[in-house]
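1. the following comprises the amino acid sequence and a computationally predicted model.
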Amino acid sequence: MKLDILYGCDSNYAPYTGVSMLSLFESNKDVEEITVYLAAMNFSAESLEKFTLLARQYNRNLIILDTAAAQKKMKTYQCKGWNGSLATWLRFFVLDQIPDDVEKLLWLDSDTIVMNGLSELAELQMGQSPVAAVCDSVCFWERFRLGITEEEPYFNAGVILFNLPYWKEHQTLNSMMAYLPQYIKHYTANDQDLLNDYFRGRILKLPQIYNVQGVQIAYSVKDYFSVYHWKESAYYTPEQVEAALRKPRIIHFFRFLGDYPWQQGNNYHPVRPLYLEWQTKSPWKDHTGAPARTDRVFEVEKILYKVLPKRAFLHIFAWVTNRKLPRRPVEIHKREQQ
C-alpha cells in the first residue's frame, strides 16, 4: 500500500503544515510507503530541516518541490493571493513536478488534521473523474457567482484527490492553464473556484469523512440543516454528516469567526483543543501563532456568537451571507471539456 501526499504553503504556514504532516504519519502507521511532496515557498533552512527530520523519524519519504517556476507562472496568470500569499495556487502549479509513476495524489491543506487511516483512497476507483473532493459546507456566494445550481455540488479544495493518469492522458494541466486567463477575473475563492468551474460535472464526490469542516463541528447537525437546506445531490444527508462526525478521517479547520485555531486569544474555534493537542506532540510545539483578528466585523460576530443561541447565530450568519449575493450569477461560458 502506498500513499502520495502533496502539501504546499509559504513560510508563514510551515508550522501548521508540519503539525498536519505529523498527524498523517501517526494515523497511517500501517501504510507500507508514504511519500510527501512538499511545495515549500520561501522556507528557511531550519524549517526544512524540521520537516526532513520528522519524515526520517517515521521512515517516510519527503521530496521538496521547486516553487520558483510555479510562482512565475502564478504571476503570469495574474493569480490573486489569499491572506497576502499565492501559495494556495500551488496545488495546481506544481503538478508537473510529480513523478510519472504516481497514480493518485492527495492534496491536503495546511489547516488539516488526519484522524484516521487514508489507505482506502489509494484503492479508490476514479474512472474518468480527473479529481475527487468533498462538498463545501458554507460557500453559497461562490457557487451562485459561478452559476452552479442548487442540485449541483460545490466542492471544497482543502482535500483533493488527483487522478494523475487521467491528467496525463488528457493533458489536463495544459488545457486548464489555457482556460484560466479568460475566467480568473470571475473567481473570488481563487483555486477553489477554478476547481469547481473547470471540472464542473466531472468531480467525484468523496464521503464527508475525508473533509469534516469546522462549521460542522461547531453546530449540531440539526441546527446546521435547519439553516442550510441542501439538495441531497448537492451535499450529504444529515445521517451521513452524523456518521462522519463520529469517525472523521480528516478534519479541516477553516477559519471560525475570522480566526484559525492556532491564533492567540482565540477561544471560540471549535477544534482549537484538538489542534493544540497535536501541536504539543510536534517539532513546532513552541510555536506561537499570530494574535486573533480584531476587525470590527469579527468582534461583532464573536459577541453575537457568545450571547445568542447557536441556531440563532447561524441563521443570522446565513442571512448576512445571502444579502451579499449578486443579483445574477457571472456568465461562465460553456466550453469543450478536456
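-> Right, received. Where do you want to start? Numbers count the residues shown, from 1 in each chain.
2. contacts and neighbour counts: CA atoms only from here.
-> Fine.
3. by mean pLDDT, which helix or strand of the protein comes out lowest?
-> Least confident helix or strand of the chain, by mean pLDDT, DSSP states H and E, is helix 140-145 with a mean of 77.
4. can you list the strands that the helix or strand following that helix pairs with?
-> Counting by DSSP states H and E, the next helix or strand C-terminal to helix 140-145 is strand 155-163. Take DSSP bridges as the rule and strand 155-163 pairs in its sheet with strand 104-108 (antiparallel), strand 131-135 (antiparallel).
5. how about those, which one is nearest Ala318?
-> Ala318 sits nearest to strand 131-135 of all these, at 17.4 Å, using C-alpha to C-alpha.
6. could I get the average pLDDT for the closest one?
-> Averaged across strand 131-135, the pLDDT comes to 98.
7. for it, give me every contacting residue.
-> Outside strand 131-135, the residues within contact range by C-alpha atoms under 8 Å, 6 or more residues apart in numbering are 126, 153-157, 159-163, 202-208, 210-211, 234-235.
8. contacts only, for Lys285.
-> Residues in contact with Lys285, defined by C-alpha under 8 Å, 6+ apart, are Gln279.
9. give me the distance between it and Gly117.
-> With distances taken as C-alpha to C-alpha, to the nearest Å, Lys285 is found 24 Å from Gly117.
10. so where is the protein shaky, pLDDT-wise?
-> By pLDDT under 70, the low-scoring segments of the chain are 83-84, 322-338.
11. try 50 this time
-> The chain contains residues with pLDDT under 50 at 327, 333-338.
12. what residues of whichever strand or helix holds Ser175 count as buried?
-> Secondary structure assignment for Ser175, by DSSP H and E: helix 172-183. Counting neighbours by 16 or more other C-alpha atoms under 10 Å, one finds that the buried residues in helix 172-183 are Thr172, Leu173, Met176.
13. and the helix or strand following that helix, what does it pack onto?
-> Per DSSP H and E, the first helix or strand lying C-terminal to helix 172-183 is helix 191-198. Secondary-structure packing of helix 191-198 (3 or more C-alpha pairs under 8 Å, 6 or more residues apart in numbering; DSSP states H and E): strand 155-163, helix 172-183.
14. next one: helix 191-198 to chain centre, how far?
-> Distance of helix 191-198 from its chain centroid, counting by C-alpha atoms, centre = their mean, to the nearest Å, is 12 Å.
15. please apply the same query to stretch 254-273.
-> Distance of stretch 254-273 from the chain centroid (C-alpha atoms, centre = their mean) equals 16 Å.
16. could I have it exported to CSV, CA atoms only?
-> What follows is stretch 254-273, C-alpha atoms only, in CSV (Å, rounded to 0.1, in the frame of the first residue of the first chain):
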residue,chain,number,x,y,z
PHE,A,254,-11.3,26.6,8.3
ARG,A,255,-11.4,30.0,9.9
PHE,A,256,-14.1,30.4,12.5
LEU,A,257,-15.3,33.9,13.4
GLY,A,258,-12.2,35.1,11.5
ASP,A,259,-9.6,33.0,13.2
TYR,A,260,-7.7,29.8,12.9
PRO,A,261,-7.3,27.5,16.0
TRP,A,262,-3.6,28.4,16.5
GLN,A,263,-4.2,32.2,16.8
GLN,A,264,-3.6,33.7,20.3
GLY,A,265,-6.6,34.8,22.2
ASN,A,266,-8.9,32.7,20.1
ASN,A,267,-11.2,30.8,22.5
TYR,A,268,-14.1,30.2,20.1
HIS,A,269,-12.7,27.9,17.4
PRO,A,270,-14.4,24.5,17.9
VAL,A,271,-11.3,22.5,17.2
ARG,A,272,-8.7,24.6,19.0
PRO,A,273,-8.1,22.0,21.7
